[in-house]
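# pasted the sequence and its predicted model underneath.
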Amino acid sequence: MQDKIGARSFRELDSLNEIQPLWVRAVTGVSVCAAGAGGALCLAMAVGIAASVVGRQVGVPINDMMDVVTYLLMPAIAVLALGQVHLRDQHVQVSVVMEAAPLRTRRGISMVTQLITGLVAGWVAILILDEALYSYEIGDRATVAPWLPIWAGRFAVAAAWLILTGSIVARFYQSLRERPSTKQESSEEPLTNA
């Protein structure tokens with residue numbers, strides 16, 4: 001087990017899943033599926049762009065590929081894995097401030113920041129969902145490719161932010177249930193990121 005608060009290996013996550021409530025396991029499963037979908041969309045985007053470039057070179061261009069990438073694939077790719085990243089605590093962190101703090105202080109700061117992040121993510125999810133619903137109502141479509149609905153990509157982004165919000169709630173719940181070891185509580189040495 002790593003000394004960093006929240007960092008987990010797949011083995012540790014699997015053992016935690018055995019004792020986690022069903023809703024936490026469901027959020028974890030949905031976030032894994034969303035991250036997988038993001039990876040599949042990334043692969044589809046790479047293949048589509050490569051086919052478009054090759055098609056142009058041989059005189060058979062794939063029309064509207066850039067619109068598909070811009071309005072459907074890229075927005076979803078950018079955010080679908082965020083829930084899984086948060087659950088695994090693998091996002092970018094600046095630990096300089098936390099290094100010198102005692103374990104209880106670090107846990108408290110971590111809990112407060114998770115709470116704030118969850119509220120902000122939920123608010124952003126609601127705003128994006130509202131925009132996606134409006135886009136659907138007016139039949140928002142790409143200008144160059146009128147067959148391409150822009151609202152579909154917006155719903156994917158809204159779903160990703162809802163998954164992220166659920167992941168933050170699940171991670172907050174897991175943090176509440178975590179008990180630091182007595183060795184870590186008695187140690188005043190800062191945790192390392194190794």
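Perfect, I can see it now. Residues are numbered from 1 along each chain as shown.
# what stretches of the protein score poorly on pLDDT?
Across the chain, residues meeting the criterion (pLDDT under 70) sit at 1-18, 179-194.
# contact partners for the residue nearest the centre of it?
Central residue of the chain (C-alpha atoms, centre = their mean): L82, 0.8 Å from the mean position. L82 sits next to 160-161, 163-164, 167 when contact means C-beta atoms under 8 Å, 6 or more residues apart in numbering. Where C-beta positions appear, they are placed from N, C-alpha and C, glycine not excepted.
# quick one: the helices in the protein?
Along the chain, the stretches classed as helices by DSSP state H are 10-17, 22-58, 65-68, 74-79, 82-87, 96-99, 103-137, 151-177, 182-186.
# A145 is nearest to which of these?
Closest approach to A145 among those (C-beta to C-beta): helix 65-68, 4.4 Å.
# list the buried ones in the closest one?
Neighbour counts using 16 or more other C-beta atoms under 10 Å place 65, 67-68 of helix 65-68 among the buried residues.
# against which helices or strands is that helix packed?
If you count contacts as 3 or more C-beta pairs under 8 Å, 6 or more residues apart in numbering; DSSP states H and E, helix 65-68 packs onto helix 22-58.
# rewinding a little: out of the helices of the chain, which comes closest to T143?
For T143, the closest of the helices of the chain is helix 65-68, at 8.4 Å, according to C-beta to C-beta.
# off-centre distance for that closest one?
Centroid separation for helix 65-68 versus its chain: 24 Å, with C-alpha atoms, centre = their mean, to the nearest Å.
# what do you get for stretch 161-176?
11 Å.
# so what touches that stretch?
With C-beta under 8 Å, 6+ apart as the criterion, stretch 161-176 contacts 6, 16, 20-21, 23-24, 27-28, 30-31, 34, 79-80, 82-84, 86-87, 89, 107, 110-111, 114-115, 117-118, 121-122, 124-125, 128-129.
# need the buried ones from those selected in PyMOL.
Per 16+ other C-beta under 10 Å, the buried members of the contacts of stretch 161-176 correspond to this PyMOL selection:
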select buried, resi 6+16+20+24+27+28+30+31+34+79+80+82+83+84+86+87+89+107+110+114+117+118+121+122+124+125+128+129
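# quick one on the thing from earlier: just the helices of the chain: most buried one?
helix 82-87 (a mean of 23; mean count of other C-beta atoms under 10 Å).
# now do that helix: distance to the chain's middle.
Helix 82-87 sits 4 Å away from the centroid of its parent chain (C-alpha atoms, centre = their mean).
# on that earlier part again, now tabulate the contacts of L82 in CSV and tack on distance to Q57.
Converted to CSV, the contacts of L82 look like this (distance: C-beta to C-beta, whole Å):
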residue, distance to Q57
A160, 34
W161, 38
I163, 39
L164, 40
S167, 42
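# quick one: which of those residues is nearest S52?
Using C-beta to C-beta, the contacts of L82 come closest to S52 at A160, 25.2 Å.
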